[in-house]
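[1] Quick check, what structure comes out for this input:
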Amino acid sequence: MKAKELIDKIRKTGRTPTVYSGRFMYGKRCIACRAEIEDDGRSLPKSGMIVDSLGMGRIFYWPKVEAPQWFIDEQKA
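    Numbers count the residues shown, from 1 in each chain. Here you go, the predicted model:
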């Protein structure tokens, strides 16, 4: 799946896509979205998705979908 396609799919679920570097990613940045702990990610694309705990919340991320530079720049703005 391409980054733009994944970003659009995340937005269609009402969640906000973001850039994330998870465990064992060694600085590589991918597409992700944060959610409340109760959120099971049911409406998100499952292929390649990893779920991790953020203490009081969750992060859904796709380590094989690298965050493009334009999206990284958009997040900084």
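[2] only C-alpha atoms for contact and neighbour calcs from this point on.
    Will do.
[3] what kind of secondary structure is the nearest residue to residue 25 once chain neighbours are set aside in?
    In space, residue 25 comes closest to residue 63 once its chain neighbours are excluded; the distance is 7.5 Å by C-alpha to C-alpha, 6 or more residues apart in numbering. Assigned with DSSP: H, G, I helix; E, B strand; the rest coil, residue 63 falls in the strand class.
[4] Would you agree residue 63 is in contact with residue 30?
    Yes: taking contacts as C-alpha atoms under 8 Å, residue 63 lies within contact range of residue 30: 5.4 Å.
[5] if we can go back for a sec, show the contacting residues for the residue nearest to residue 25.
    By C-alpha atoms under 8 Å, 6 or more residues apart in numbering, the contact set of residue 63 is 22, 25, 29, 30, 31, 48, 49, 50.
[6] Between those, which sits nearest residue 37?
    Distance to residue 37 across the contacts of residue 63 (C-alpha to C-alpha) is lowest for residue 50, with 14.4 Å.
[7] how far away is the closest one from residue 34?
    Applying C-alpha to C-alpha, to the nearest Å, the value for residue 50 to residue 34 is 12 Å.
[8] Which residues are in contact with each of these two?
    Overlap of the contact sets of residue 50 and residue 34 (by C-alpha under 8 Å, 6+ apart) consists of residue 60.
[9] between these two, who's got more neighbours?
    Set side by side, residue 50 and residue 34 show more neighbours around residue 34, with 21 against 13, by other C-alpha atoms under 10 Å.
[10] out of the contacts of residue 63, which are buried?
    22, 29, 30, 31, 49 (16 or more other C-alpha atoms under 10 Å).
[11] Quickly check the residues you listed for the two that are furthest apart.
    Applying C-alpha to C-alpha across the buried ones among the contacts of residue 63, the maximum distance is between 29 and 49, 14.1 Å.
[12] Could I get the contacting residues of the residue nearest the centre of the chain?
    Nearest to the mean C-alpha position of the chain, by C-alpha atoms, centre = their mean, lies residue 32 at 0.8 Å. Neighbour list for residue 32: 17, 18, 19, 20, 59, 60, 61, 62 [criterion: C-alpha under 8 Å, 6+ apart].
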